[in-house]
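> how does the following fold in three dimensions:
(4 chains)
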There are 2 protein chains.
Amino acid sequence: MHSVAITPETLFQALSDSTRLRIIRLLVMTDEEICLCELVDALLEPQYNLSRHLKVLRQAGLLTSWKEGRWVYHRLTKHPDYLQQLYTLVRSLPDTDNVYRTDLRNFSHRMALRENGRCRVGILSNDLKTGSE
Amino acid sequence: MHSVAITPETLFQALSDSTRLRIIRLLVMTDEEICLCELVDALLEPQYNLSRHLKVLRQAGLLTSWKEGRWVYHRLTKHPDYLQQLYTLVRSLPDTDNVYRTDLRNFSHRMALRENGRCRVGILSNDLKTGSE
DNA sequence: TGCATAGTTGCATTATAGCGCAACTATGCA
DNA sequence: TGCATAGTTGCGCTATAATGCAACTATGCA
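Residues are numbered from 1 along each chain as shown, chains lettered A, B, ... in the order given. Okay, the predicted model is just below:
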């Protein structure tokens, strides 16, 4: 009962993109499960773009995802064990231009809209929805 | 007195290649300073290829390099501090198909040829030297 | 002083990655 | 039952990265 072996290169590859690193950083700092629409309002990146980045992270073994009604939640995986050391590293990365801090603030505002700890509203940033051009 | 800021993405990008990860793993495990010709005999990869990978790692801030006569030595940088956590992570990565173990064994044999702790012989694997085709 | 060798790098080729667009699926609610 | 919306994905374009080849520099030694 274990997933397919993922090479360490794939792991680092997944983190070599700034958007994906922002996602992981947010998840590490909050220790939350987050759905896509909340992520859109936190990072202010297009929905389809984040959707694809989430897929890359999932395939690298960093994320677990599951569907609840219309919403798909994502959280960090806990195994294998060395991932804990990765998360420790991500946590201690510098936030030179305050991007991570801004993401976290936006996310906090979004989280305030949850009901009983669950997402109940869609994407607030209209211009970042998939069909918006 | 600090180097130019290197983004975390660049760091992970540097580790997203299997050959470069083998280099870093070897340096982490041995805590040694290694010159290119020794690395060629350890990883059994072409000299020009490793030379370029070393450059990528250097530009990502992971390596310090210096010249001694004909030889150029490389070792891991110690700062910024979060690099220590990165090295801890690299150390705990699994060695699924024993590639790292083989590299380490080959390197041990090469190290036995040093005199007074310094490299004195060139590349032993003739077919991996730059002009060998 | 010339040669062997440790190391670097430009060039061309190929493979891969990111992204915008738009079409698609799926789910809840009026 | 139909519509709005959360989310996914194929297509095409562009940018970047890995690599082999070969020419190049630099250093020590006969």
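> quick one: list the elements packing against the particular helix or strand that has A:K55 in it.
According to DSSP states H and E, A:K55 maps onto helix A:47-59. Packing partners of helix A:47-59 (3 or more CB pairs under 8 Å, 6 or more residues apart in numbering or on different chains; DSSP states H and E): helix A:8-14, helix A:18-30, helix A:36-43, strand A:63-68, strand A:71-76. For every residue, glycine as well, the C-beta is placed using N, CA and C.
> and stretch A:24-43, does that touch DNA strand D?
Yes. Judged by CB under 7 Å from any atom of the strand, stretch A:24-43 comes into contact with DNA strand D through A:C35, A:L36, A:C37, A:V40.
> the last one against A:S125, yeah?
Yes. Counting by CB atoms under 8 Å, A:V40 sits close enough to A:S125 to count as a contact (6.2 Å).
> give me the more crowded residue out of these two.
Legend: neighbour count by other CB atoms under 10 Å in any protein chain shown for A:V40 and A:S125, higher for A:V40 (25 against 17).
> need the contact list for the residue nearest the centre of chain A.
Centroid check for chain A by CA atoms, centre = their mean gives A:I23 as the closest residue, at 3.6 Å. For A:I23, the contact set (CB atoms under 8 Å, 6 or more residues apart in numbering or on different chains) comprises A:L39, A:L43, A:L50, A:H53, A:L54, A:L57.
> which of the residues you listed lies closest to DNA strand C?
Nearest to DNA strand C among the contacts of A:I23: A:H53, at 6.3 Å, using CB to the nearest atom of the strand.
> how many residues are close by the closest one?
A:H53: 21 surrounding residues under other CB under 10 Å.
> grab the nearest non-local neighbour of it.
Once flanking residues are discounted, A:H53 sits nearest to A:R20: 4.9 Å by CB to CB, 6 or more residues apart in numbering or on different chains.
> what distance do you get for the one you found to B:Q47?
34 Å (CB to CB, to the nearest Å).
> between the two, who's got more neighbours?
A side-by-side neighbour count of A:R20 and B:Q47, using other CB under 10 Å, places A:R20 first with 22 against 19.
> contacts only, for the more buried one.
By CB under 8 Å, 6+ apart, the residues touching A:R20 are A:A14, A:H53, A:V56, A:L57.
> ok, A:L104 next?
Contacts for A:L104 (CB under 8 Å, 6+ apart) come out as A:L26, A:M29, A:T30, A:A42.
> do the same with A:E32
A:E32 neighbours (CB under 8 Å, 6+ apart): A:R75, A:M111.
> was I right to think A:Q85 contacts B:Y87?
No. Taking contacts as CB under 8 Å, A:Q85 lies outside contact range of B:Y87: 10.0 Å.
> which of those two has more neighbours?
Of the pair A:Q85 and B:Y87, B:Y87 is the one with more neighbours under other CB under 10 Å, namely 20 against 17.
> which residue packs closest to the more buried one, ignoring adjacent ones?
Closest residue to B:Y87 in three dimensions, ignoring its sequence neighbours and counting by CB to CB, 6+ apart: B:V28, at 5.0 Å.
> contacting residues for the one you found?
B:L76, B:Y87, B:V90, B:R91.
> next one: A:Y73
With contact taken as CB under 8 Å, 6+ apart, A:Y73 is in contact with A:E33, A:I34, A:C35, A:S65, A:W66, A:K67, A:C119.
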